[in-house]
Each structure stands twice: as C-alpha cells, then as structure tokens.
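Colleague: here is my input, please return the structure:
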Amino acid sequence: MPLDSVPWSVALRDRSVLRSLVVDLGLLVLFITQHSLLAWSPVKQALQSLLGVLNRTAYCFTTVLALQILMRCWQPVSGAPCLWAVRDAPWSIWFPLLCFSLHFLCWAIVCSILVIFDYPELLGIKQVYFHCLGLGDPLSHKSPPAQRLLAHLRHPVCLELGVVLWLLPALSLDRLLLAGTLSGYLALAHSLDRQDLAYLCVQFKSKTQLLGETQRDDHKEE
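Modeller: So this is what the prediction gives:
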C-alpha cells in the first residue's frame with residue numbers, strides 16, 4: 001500500500017512514528033535549551049566569572065556539540081504520509097531545481113553575512129587575543145549603535161534559514177516538526193528594529209565600498 005494512502009489517524013497511532021517524533025522533539029529541546037540557557041543573563045554571568053574570556057568560546061563549542069547530536073541522532077519519520085510532495089511532471093523536475101537554487105542563494109547570503117558581522121568575536125576568538133594583548137572586551141571598542149544591535153540580535157540569518165527549512169519538494173512529519181519548532185524559536189528570539197536595520201545597511205554599504213576600493217587598488221598595482 002502506498003505510504004500516502006495511509007490515513008493520518010492510523011499513522012499517528014503507529015508506535016514507530018510516535019517514537020521518532022518524541023526523539024526528534026527531545027533533540028530540538030536539547031538544542032534550544034542549550035542555545036537559550038547559556039545566553040540567559042544569570043547563567044552567562046556565572047560562566048563569565050568561571051571561564052573569563054573563554055565564555056563565548058565555550059558557548060559556541062556547546063552549540064556545535066548540541067547541533068551535532070541533533071543531526072546524528074535525528075529520526076526520520078517513514079511511517080506517515082508527507083504533508084506535501086511534488087511528484088507530477090514537469091514540477092517534479094523544476095521544483096526541486098528551484099529549491100536547490102534558492103537554498104544555494106540563501107547559503108551564499110549566510111556566508112556574505114561575514115562581510116557585516118565580526119565573526120571572530122561571535123566565535124569567541126577575538127576575546128582571547130584581546131585579553132592576551134591587554135585590550136579588554138572587544139565590545140567596549142564598538143560604537144553605541146553596534147552595541148545596541150548586538151544586544152538585540154539573536155540570529156543574523158533568520159529569513160534565510162526560514163527559506164531553507166520550509167522550501168522543500170517534500171515535507172515529511174519530522175521535517176515539519178524541525179521547521180515549525182526552529183521557526184517559532186527564531187521568531188520569538190528576534191528583536192531587531194528599524195534603527196538596527198538602518199545601522200546594518202550603513203555598515204554593509206561602507207564595507208562593500210571598502211572592498212571595491214581594495215580591488216581597484218590591486219588592479220592598479222598589477
């Protein structure tokens with residue numbers, strides 16, 4: 001019997017389906033708890049006093065560890081029908097290609113965020129060598145608009161991740177759980193306003209101009 005012909009009432013009583021959903025939900029709770037608990041002010045202050053300049057590095061390390069556990073232990077739901085699946089020609093060819101192209105574009109945008117954000121600081125690397133050089137906290141060297149942005153920012157690539165999570169040729173029950181949970185978490189944690197967005201636009205424009213001037217200088221030297 002084709003999987004799509006299985007009624008939802010039957011699929012949701014299947015123990016293998018329920019077991020997979022419980023495991024996947026537990027993995028998502030683990031990731032979200034780690035991501036939020038270590039960013040909570042009391043815990044953050046306690047870790048700061050314990051780890052010092054390695055606090056941010058420890059946060060990034062535990063985030064990567066939680067993400068690896070989620071990816072390696074994720075249980076696909078194979079006993080329930082997909083919520084949607086593009087199988088009819090010509091969309092069975094063109095829609096996956098469209099998804100691939102937009103996913104590629106979104107990941108390219110994610111990589112381009114490096115142009116705007118100070119990733120050595122976000123990863124905790126800059127804090128260590130600033131401490132070794134006696135320069136203090138890197139955040140104290142930033143302008144007030146930059147400090148305000150970082151205080152509001154929870155994730156720099158909310159929209160791009162939303163496209164990657166939801167734009168799929170087939171949406172299974174476990175992928176719905178993943179997309180819905182992470183989208184809700186990103187939406188609740190996001191608090192950027194117009195002032196922050198204006199600052200981001202100015203920074204992006206100035207850094208792209210600087211990059212263009214550098215390339216022109218290189219061509220002149222050649």
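
Colleague: which stretches of the protein have low pLDDT?
Modeller: Confidence mapping of the chain against pLDDT under 70 gives the ranges 1-6, 113-118, 138-158, 189-222.

Colleague: at 50 what do you get?
Modeller: Along the chain, the parts satisfying pLDDT under 50 run over 1-2.

Colleague: what are the ranges of the strands in it?
Modeller: 84-85, 170-171 (DSSP state E).

Colleague: note down every partner strand of the last one and its orientation.
Modeller: If you go by DSSP bridges, strand 170-171 pairs up with strand 84-85 (antiparallel).

Colleague: deepest of the strands of the chain, which one?
Modeller: Counting by mean count of other CB atoms under 10 Å, strand 170-171 has the highest mean neighbour count of the strands of the chain, with a mean of 16. Just so you know, the C-beta spots here come from the backbone N, C-alpha and C atoms, and that holds for glycine as well.

Colleague: so what's the residue count around Leu38?
Modeller: Applying other CB atoms under 10 Å, we find 18 residues neighbouring Leu38.

Colleague: I meant Val17, not that one.
Modeller: Val17 has 20 neighbouring residues, counting by other CB under 10 Å.

Colleague: surely it and Gln75 touch.
Modeller: No. Val17 is not in contact with Gln75 according to CB atoms under 8 Å; the separation is 9.7 Å.

Colleague: can you work out which residues contact both of those two?
Modeller: Taking CB atoms under 8 Å, 6 or more residues apart in numbering as the contact criterion, no residue touches both Val17 and Gln75.

Colleague: of all the strands of the chain, which lies closest to Gly134?
Modeller: strand 170-171 (52.9 Å; CB to CB).
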